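Enquirer: The sequence isn't on hand, but the structure is:
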């Protein structure tokens, strides 16, 4: 059954911008041109349904306990004095941005942990320890059928926002022997920009309740809600491509990338990653 763009968006339950990114940029699903309507497309409902089923099988909901673990890690990184700079610049990121990036990254790792438990029937141990230097190994051990072993491959988990169409890696993450991995797993984490406000909601309300504008936003401060994480797929290091830009973003120098629609997702390939 053919669907128009708007019908396809409604069927998949995606934000329109996310849908367009997935279709036009990420190559997550295909469309066919309508005969006699140049520039217009239709979408096959059955194929979209298959894509959605596969997409949803790699999506997980993380609760406050998962979030707390990630905030703890982020604060530990902050207070130990680790400096997080923007790629290719000397600009140091401000506190909120640093914390959000670290929290998003760790939430992505937990999402992979949930994925392995559900889809591969194994438990993986993640590295939430502090290290003097960045390490490429995010998975420390694998437990399955009563046996625990170290992974044969170096596995890195990279996280981005929900509409992201590309896995993007800096040259250091791919070229430096001390940092490069064999496998890069890409996750999309729906972490709200105001997540720190949400968990400090009551403290903020108490602080400003007698201030001039409080009544304006008193009921608008959001509460914490579970966070969704989607495991988009993975790429081997040799799958990556070098570019200086991707649609909508120009880099300062080369980056290693793979668009999400071309990531590996077959369950048998996943099993090889965690051998």
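Expert: Yep, that arrived. Because the structure is predicted, anything quoted here is derived from the model rather than measured.
Enquirer: Need the pLDDT of the residue nearest to residue 59 when sequence neighbours are not counted.
Expert: Distances taken as Cβ to Cβ, 6 or more residues apart in numbering put residue 230 closest to residue 59, at 4.5 Å, once the chain neighbours are dropped. Bear in mind the C-beta positions are built from the backbone N, C-alpha and C, glycine included. Predicted confidence (pLDDT) for residue 230: 97.
Enquirer: can you tell me the helix or strand for residue 230?
Expert: strand 227-236 (DSSP states H and E).
Enquirer: Run through the stretch 1-150 of the chain and note the low-pLDDT ranges.
Expert: Scanning the stretch 1-150 of the chain with the threshold set as pLDDT under 70 gives 33-39, 82-93, 132-136.
Enquirer: Mind jotting down where the helices sit in it?
Expert: Ranges of helices in the stretch 1-150 of the chain, per DSSP state H, counting those that start in this stretch, are 5-12, 16-20, 45-57, 64-79, 95-119.
Enquirer: among these, which is nearest residue 190?
Expert: If you check each of the helices of the stretch 1-150 of the chain against residue 190 by Cβ to Cβ, helix 95-119 wins as the nearest, at 9.2 Å.
Enquirer: just how off-centre is that closest one within its chain?
Expert: Chain-centre distance of helix 95-119: 7 Å, with Cα atoms, centre = their mean, to the nearest Å.
Enquirer: Would you mark the buried spots in that helix?
Expert: Buried positions in helix 95-119, judged by neighbour count with 16 or more other Cβ atoms under 10 Å: 98-116.
Enquirer: now stretch 219-237
Expert: Buried, per 16+ other Cβ under 10 Å, within stretch 219-237: 227-237.
Enquirer: Stretch 40-58 now?
Expert: Buried residues in stretch 40-58, defined by neighbour count with 16+ other Cβ under 10 Å: 41-44, 48, 51, 55, 58.
Enquirer: Quick one: residues in contact with it.
Expert: The contact list for stretch 40-58 (Cβ atoms under 8 Å, 6 or more residues apart in numbering) reads 1-5, 7-8, 11-12, 28-34, 115, 118-119, 230-233, 265.
Enquirer: Show me how far that stretch is from its chain's centre.
Expert: Using Cα atoms, centre = their mean, the offset of stretch 40-58 from its chain centre is 20 Å.
Enquirer: Same check on stretch 150-161?
Expert: Relative to the chain's own centre, stretch 150-161 is displaced by 12 Å; criterion: Cα atoms, centre = their mean.
Enquirer: Counting neighbours, which bits of that stretch end up buried?
Expert: By 16+ other Cβ under 10 Å, the buried positions in stretch 150-161 come out as 151, 154-160.
Enquirer: And for stretch 74-84?
Expert: Residues of stretch 74-84 classed as buried: 74, 77 (neighbour count, 16+ other Cβ under 10 Å).
Enquirer: returning to that earlier point: of the buried residues of stretch 150-161, which is the nearest to residue 139?
Expert: Closest approach to residue 139 among those (Cβ to Cβ): residue 155, at 4.5 Å.
Enquirer: hang on, that closest one packs against residue 142?
Expert: No. Applying Cβ atoms under 8 Å, one finds residue 155 not in contact with residue 142, separated by 9.8 Å.
Enquirer: which neighbours do the two share?
Expert: Counting by Cβ under 8 Å, 6+ apart, the common neighbours of residue 155 and residue 142 are residue 274.
Enquirer: where exactly do the strands run in this structure?
Expert: 2-3, 32-33, 41-44, 59-62, 123-126, 139-144, 147-149, 155-160, 166-169, 183-189, 227-236, 241-246, 249-259 (DSSP state E).
Enquirer: what mean pLDDT would you report for the last one?
Expert: Read that as strand 249-259. When pLDDT is averaged along strand 249-259, the result is 95.
Enquirer: wait, what's in contact with the spatially most central residue of the chain?
Expert: The centroid of the chain falls nearest to residue 188 when counting by Cα atoms, centre = their mean (2.4 Å). Neighbour list for residue 188: 159-164, 229-230, 232 [criterion: Cβ under 8 Å, 6+ apart].
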